[in-house]
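Asker: my questions are about this predicted structure, shown below with the sequence.
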Amino acid sequence: MSSHAICIMFSLHIILILLSGACKAAAAPTMNHTTDTADREALLCIKSHLLTSKPAGALTTWGNSSVHFCRWQGVVCRRRRRHGLMAPRVAALRLEEEGLAGKIPPCISNLTNLKHIHLPVNEFSGSVPPELGQLRRLVYVNLSFNALSGMIPAELASCSRLQIIAMRKNNLEGGISSFLLNSSLIQKIDLRTNNLSGPIPPLLMNSYASLEFLALTENSLSGEIPSSLGNLSSLAVLIAAENQLTGGIPASLARLSNIHLLDLTYNNLSGTVPSSIYNLSSLTSLGIAGNGLVGTLPSNMGNTLPNIENLVMSENNFQGGIPRSLANATNLVVIHLAQNSFSGVIPSFGSLPNLQKLMLFQNHWLEAGDWMFLSSLMNCTQLTMLTLDGNNLQGDLPSLVTNLSRNLEYLVLGSNHITGTIPAGIGDLVSLSMLYLQDNKITGPIPASIGKLHNLYAMDLSKNWFHGNIPASFGNLGRLSELYLQENHLSGAIPADLAGCKNLLALNLSSNILSGPIPDGLFGKLNQLSWLLDLSHNQLTDSIPDDVGSFINLKSLNISNNNISGRIPSTLGSCELLQALRLGGNSLEGQIPYSLATLRGIKEVDFSQNDLAGEIPEFFEVFNCLEYLNLSFNKLDGPIPTKGIFANATSRVFLQGNPSLCTSTKSLHFPLCSMGHSGRKNRVAVYVLAIVLPSVAVSLLFALFLKKRTRKDSRLMHESSKEPRIRSYNDLSKMTNKFSSANMIGSGQFGVVYKGSFPDGEGQMFAVKVFKLGQSGASKSFLAECRALRNIRHRNLVKVITACSTYDPLGNEFKALVLEYMPNGTLADHLHTKSRYGCLSLGARIGIAVDVASVLEYLHVWSVPPMVHCDLKPSNILFDDDNLARVGDFGLAQFLHGFSSYGGHQNSTSLFGPRGSVGYIPPGELMLLFINIYSSFFHQ
């Protein structure tokens, strides 16, 4: 063939290819249009079933006809070949933390090419749609941190390509479907924090080669751990903590050669730990705390677990010594062996350069006088926590304790038999936030160098043999929240410098030899006290300062058994939250002031052994919460009241030692009142009626108008009397069913809110706000909210019942607030047109505006110093049982210092960045970085 013919044939071939391409191009628009229509309609169907709390959220872009659906926010497309053409199809939905609410609609299954569903941290409710089983290409599904309920649909078994399933922190119930553990492709299963029950299903042969991550923590799973779990050869993480699992730890788990994390804490496991478990050389974290395990630890444990970082075996019944070989596990970060029965000598841990937490409290060290282990800890430069309380530690406190890590935050050596003195170098541990040396035999003066510990949050030196003065340097501890010095031999005056401890919540100086008057102005400076002020059993003199009325949040005040004279200050009536008031054993005189009638929630009153005169005030009769009243050995006279607590006077009221008292009933061991007493009382009654009756008619209309709110105040007052005591982590865990997602009622940037009731709270519901301390700014939000709500009280504010700042069983920091429970949602809920609460009427909206405005007036005008909420928005306005609007969430609140009552540049405070939620921040804060009392009106 000639070259000319070859060129002609090649040209014809090129023409045919171009014509073919043109035909395909002509057909492409029709095919793409068909595909676009199906996926686009499915996306619009999903949108039509959902609500969003974010006005500018992802769904606002859905439905924009000028933008291809593949460019809608949260939608990811991939091109797939169909009929010889490449068409874009929806392959993934990624809508994390978008405030989406409602049920996941069945039409999600119309996205037939969907591989990834990523919808965590939203507010989805209802069940997981079984239609997901129709998505044959589904590889990944993450529905964690929502409010989904019902069972895990068995239809997911049809998703034969499924590799990852995450449904953590929902309300899922029922059992774990066996297909989840018996799929050959599934790599990760995360079902933590649900209401799943029943046993962990056993595995079938040859069906578990791929599973790497299995998390079942915080459910209600029962039965024994299947021994077949040992066949999961690829398993790296097994978490089944906080369930109701029983039996022993299967020895077959020792076959998990790739395991890194094994967490079986807080179950009902028993027996000994199989020795082969300690040979899992790949383990980095072993958690078996909170069970009933027994036995001893193998001597070579540190050699067979060379990669171990977190060893958590507390709250069991282990015995014997702690293996010295643990010093060879040089990666150790946490050693938590507390609350067991370990004995012998605490070994040296000086070869553990990464050790941060060493918790060995409540054991039985038989040779605890040996402090050699402490000297070795000087090499652990990363150490932040050392807790050895409740042991048998003896001998003088070594001075080398001051050479511990400068990163040490928690030094807890209480409830031992330690002697000697506190070394002066204790002030060099500049990172200390908690110093507990209580219940020992430590003597000498308290070193003034403790005043250099500016990060100190709590200090307990009680029940020792300290003598000398309270160091004036304690006034430098501006962050101190708790100070316990009771039951020592401290003398001298209470230092006025304590006024510098402005954040104190609890102060106990009782049972010492303190003398002199209470310093002027001290009470006014310590007005943050809310838990306890106890100055009892000392030798204090002079009168009770009038500024005792500054304690508007105080629960317990005890100044009994001193040499206090003068009158009971009428300002005590301002301490309306008092539950215990003890002033007995002094030289108080005069009458019991009628201003105390405001203490409606009081439970205990002790004014015994004073020189009080006059009649017993009748307001004690109407104190419904009063359980103990001791007025004995005074100079009281007149008739004994007969109602309320006095109706059962033999068991709860003590009046002996008042010879001038009389009674109208023979049941009491006092003389009967003469006619003179009753006649005087009748005359007083006539005078009172003459004054009151003309006012009654004027008051009736106003009383009717306020009837509803009066009932509300009465109910709140009654409920306040039932407020629980200061609570522990365990208390809050029990009341929220282990922080179950079934109890979760809300989630925000810094915390998660649960509902629950205390076992001793008569079924009264509370809200528990648990702060996300891993989130930057959460700790500051906790402190800000505590500080704000300690200073303010208003009927339209959500009330804080108590606070909890402690550590969970794994040693992690834990902070929470217990608040009033608001059952009727938020203003944001009511404003949604599709809300279950219905549409708000005009009258209701005006009422809400008035309620919120009254709060703002209180915060801006009557609060000293004034306060700005900084995040006033519909979701922070909640409704109680009577649909009364309450303002909550003071995590960003700011006090204004250097203020004038209204206006002026002094009524603003600078800050380093805008505070509040996007869309609700005033322009002045965004542009000029200042806030003032007018900021809240922009929020409105």
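Answerer: Nice, I can see it.

Asker: if you count neighbours, what's buried in stretch 467-485?
Answerer: Residues of stretch 467-485 classed as buried: 467, 470-471, 473-477, 479-485 (neighbour count, 16 or more other Cβ atoms under 10 Å). Placement of C-beta: from N, CA and C, glycine included.

Asker: cool, stretch 339-348 as well?
Answerer: Neighbour-count burial for stretch 339-348, counted by 16+ other Cβ under 10 Å, picks out 339-340, 342-343, 345-348.

Asker: then stretch 733-751?
Answerer: Within stretch 733-751, the residues scored as buried using 16+ other Cβ under 10 Å are 733, 735-736, 738-748, 750-751.

Asker: wait, Leu135 sits on Leu114?
Answerer: Yes. Look at Leu135 against Leu114 with Cβ atoms under 8 Å: they come within range, at 5.2 Å.

Asker: identify the contacts common to these two.
Answerer: Applying Cβ atoms under 8 Å, 6 or more residues apart in numbering, one finds that Leu135 and Leu114 are jointly contacted by Ile108.

Asker: if we can go back for a sec, can you put the buried residues of stretch 339-348 in a markdown table and add secondary structure and pLDDT?
Answerer: Below are these laid out as a markdown table (DSSP: H, G, I helix; E, B strand; the rest coil; pLDDT from 0 to 100):
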| residue | secondary structure | pLDDT |
| --- | --- | --- |
| Gln339 | coil | 95 |
| Asn340 | coil | 96 |
| Phe342 | strand | 94 |
| Ser343 | coil | 91 |
| Val345 | coil | 88 |
| Ile346 | coil | 91 |
| Pro347 | coil | 91 |
| Ser348 | coil | 93 |
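
Asker: out of these, who's nearest Leu577?
Answerer: Gln339 (34.8 Å; Cβ to Cβ).

Asker: tell me the contacts of the closest one?
Answerer: 314-316, 361-363.

Asker: as TSV, these with neighbour count, pLDDT and secondary structure would be great.
Answerer: What follows is the contacts of Gln339, written out as TSV (neighbours: other Cβ atoms under 10 Å; pLDDT from 0 to 100; DSSP: H, G, I helix; E, B strand; the rest coil):
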residue	neighbour count	pLDDT	secondary structure
Ser314	25	96	coil
Glu315	21	96	coil
Asn316	21	97	coil
Phe361	20	94	coil
Gln362	18	94	coil
Asn363	24	92	coil
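
Asker: go through these and say which is closest to Pro866.
Answerer: For the contacts of Gln339, the nearest to Pro866 is Phe361 (44.8 Å; Cβ to Cβ).

Asker: surely that closest one meets Asn392?
Answerer: No. Here Phe361 lies out of contact with Asn392, judged by Cβ under 8 Å, at a distance of 11.7 Å.

Asker: which residue, other than its chain neighbours, is closest to Lys772?
Answerer: Residue nearest to Lys772 in three dimensions, not counting chain neighbours: Ala778, with 5.1 Å by Cβ to Cβ, 6 or more residues apart in numbering.

Asker: now the residue most central in space within the chain: which helix or strand?
Answerer: The centre of the chain sits closest to Ala816, judged by Cα atoms, centre = their mean, with a distance of 1.7 Å. Assigned by DSSP states H and E, Ala816 belongs to strand 813-820.

Asker: in its sheet, what does that strand sit against?
Answerer: Using DSSP bridges, the strands paired with strand 813-820 in its sheet are strand 765-771 (antiparallel), strand 800-807 (antiparallel).

Asker: buried ones in that strand, by neighbour count?
Answerer: Neighbour-count burial for strand 813-820 [16+ other Cβ under 10 Å]: 814-820.

Asker: so which residues of the stretch 501-650 of the chain form helices?
Answerer: Along the stretch 501-650 of the chain, counting by DSSP state H, counting those that start in this stretch, helices occupy 522-525, 649-652.

Asker: can I get the first one in PDB? Just the C-alpha atoms.
Answerer: Looking back up the chat, that one is helix 522-525. Listed next in PDB are the C-alpha coordinates belonging to helix 522-525 (Å, rounded to 0.1, in the frame of the first residue of the first chain):
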ATOM      1  CA  LEU A 522     -13.000  40.800 106.300                       C
ATOM      2  CA  PHE A 523     -16.400  39.400 105.800                       C
ATOM      3  CA  GLY A 524     -17.200  42.000 103.100                       C
ATOM      4  CA  LYS A 525     -14.100  41.000 101.200                       C
END
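
Asker: so what's the residue nearest to Lys772 up against?
Answerer: Each residue near Ala778 by Cβ under 8 Å, 6+ apart is listed here: 750-751, 771-772, 815.

Asker: any chance of the residues you listed in TSV, plus distance to Ala448?
Answerer: As requested, those are exported to TSV (distance: Cβ to Cβ, whole Å):
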residue	distance to Ala448
Phe750	38
Gly751	39
Phe771	35
Lys772	39
Lys815	31
